[in-house]
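Q: task: produce atomic coordinates for the following.
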Amino acid sequence: MTIADGPEMPSINDFLPDPFVFQGTPFAINRIILVRILATVIMLLVLGITASRAKLIPGRWQGAVEWLIEFVRDNIVYQVMGELRGKRYVPMITTVFCTLLVFNLCGIIPGFNIAASASITLPLVFAMWCFCQYWIAGIREKGLGHFLRDEIFPKGVPAPIYILLSPIQLLELLIIRPFSLTIRLFANMVSGHLILALCLSATQFFLVDVVNKLMMPFGIITFAAGMFMFLFEALVACLQAYIFAILTTAYINMSYPEID
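A: From the prediction side, this is the model:
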């Protein structure tokens, strides 16, 4: 690249890096998968060491970990499902929230520099896990026939409307809800990280590559925008983990029969 070409801007292809280990096999590892493996190992080590050294009177670190778990339990699971139903799903929703939180934050951690959820496969896996639990809960509580009837033929709707409504309900049950969960997480993590990368690439160009000092104010502006996007990306990473967890809880809760 020459200075006349302008800054080298990242593209969506940067989120789909080529494998560098076990190429051509089902076990091929690219940069995103490596980040997922490292983030998972670090998360398990941190939680395992914290649990093994847990004390009756927690210190600051143990208190922070316990606060995070209690936040998911009380402010997501119990708030949506209630304690009676929610106890069954606290481990699952805590796993979803903590994993996505760590994976999302990888995008702003130096050395990783890419969110582990920045390819569509991981959000899709979590969405499918959510809807497997959704179907399991519905079938367990209502039976398969009653579950499908309640989902495809909602109560209180005039019979002729079912001709139009039922196919839409079935499409929503099988495709729209899992797809919306997947795309919401994937698109937010990719777009935010892409904007941050654009700001920092422009900063590199205006402050380092361009010799003309008159261009430096633009570099300062893009650097400030990059720092803002860095903080905003951290907020989005936390918010998307929260939204995914609370929507998962809400969907599972919808499969239970209504309590009169």
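
Q: and whichever strand or helix holds Phe186, what does it pack onto?
A: Using DSSP states H and E, Phe186 sits within helix 177-204. When contacts are defined as 3 or more CB pairs under 8 Å, 6 or more residues apart in numbering; DSSP states H and E, helix 177-204 sits against helix 121-142, helix 216-254. C-beta coordinates here come from the backbone N, C-alpha and C atoms, glycine included.

Q: quick one: pLDDT of Ile259?
A: We have a pLDDT of 55 for Ile259.

Q: cool, and Val90?
A: According to the model, Val90 carries a pLDDT of 93.

Q: over to Val72?
A: 94.

Q: could you check the distance from it over to Glu151?
A: 27 Å (CB to CB, to the nearest Å).

Q: the two: which is more packed in?
A: Val72 (24 against 20; other CB atoms under 10 Å).

Q: of all the residues in stretch 145-152, which ones are buried?
A: Going by neighbour count (16 or more other CB atoms under 10 Å), the buried part of stretch 145-152 is 147-148, 150-152.

Q: what's the spacing between the residue nearest to Thr248 when sequence neighbours are not counted and Ala202?
A: Distances taken as CB to CB, 6 or more residues apart in numbering put Cys130 closest to Thr248, at 4.3 Å, once the chain neighbours are dropped. Taking CB to CB as the measure, Cys130 falls 38 Å from Ala202.

Q: the more surrounded of these two?
A: Cys130 (24 against 20).

Q: confirm for me that the more buried one is in contact with Ile246.
A: No. Look at Cys130 against Ile246 with CB atoms under 8 Å: they stay out of range, at 11.3 Å.

Q: and the angle from the helix holding Phe186 to helix 216-254?
A: Helix 177-204 runs at 170 degrees relative to helix 216-254, counting by axes from the mean of the first three to the mean of the last three CA atoms, to 10 degrees.

Q: any idea of the mean pLDDT for helix 177-204?
A: pLDDT averaged over helix 177-204 gives 83.

Q: mind listing what's buried along it?
A: Per 16+ other CB under 10 Å, helix 177-204 contains these buried residues: 177-178, 181-182, 184-186, 188-190, 192-204.

Q: give me the distance from stretch 118-133 to the chain's centre.
A: With CA atoms, centre = their mean, to the nearest Å as the basis, stretch 118-133 stands 9 Å off its chain's centre.

Q: please save the CA atoms from it in CSV.
A: Extracted C-alpha coordinates of stretch 118-133, given in CSV (Å, rounded to 0.1, in the frame of the first residue of the first chain):
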residue,chain,number,x,y,z
ALA,A,118,-17.5,-12.9,15.3
SER,A,119,-18.4,-15.8,13.1
ILE,A,120,-21.9,-17.1,12.7
THR,A,121,-21.3,-20.6,13.7
LEU,A,122,-20.9,-19.9,17.5
PRO,A,123,-24.1,-17.8,17.8
LEU,A,124,-25.9,-20.4,15.8
VAL,A,125,-24.8,-23.2,18.1
PHE,A,126,-26.0,-21.2,21.2
ALA,A,127,-29.3,-20.4,19.5
MET,A,128,-29.8,-24.1,18.7
TRP,A,129,-29.1,-25.0,22.3
CYS,A,130,-31.6,-22.5,23.4
PHE,A,131,-34.3,-23.9,21.1
CYS,A,132,-33.5,-27.5,21.9
GLN,A,133,-34.3,-26.6,25.5
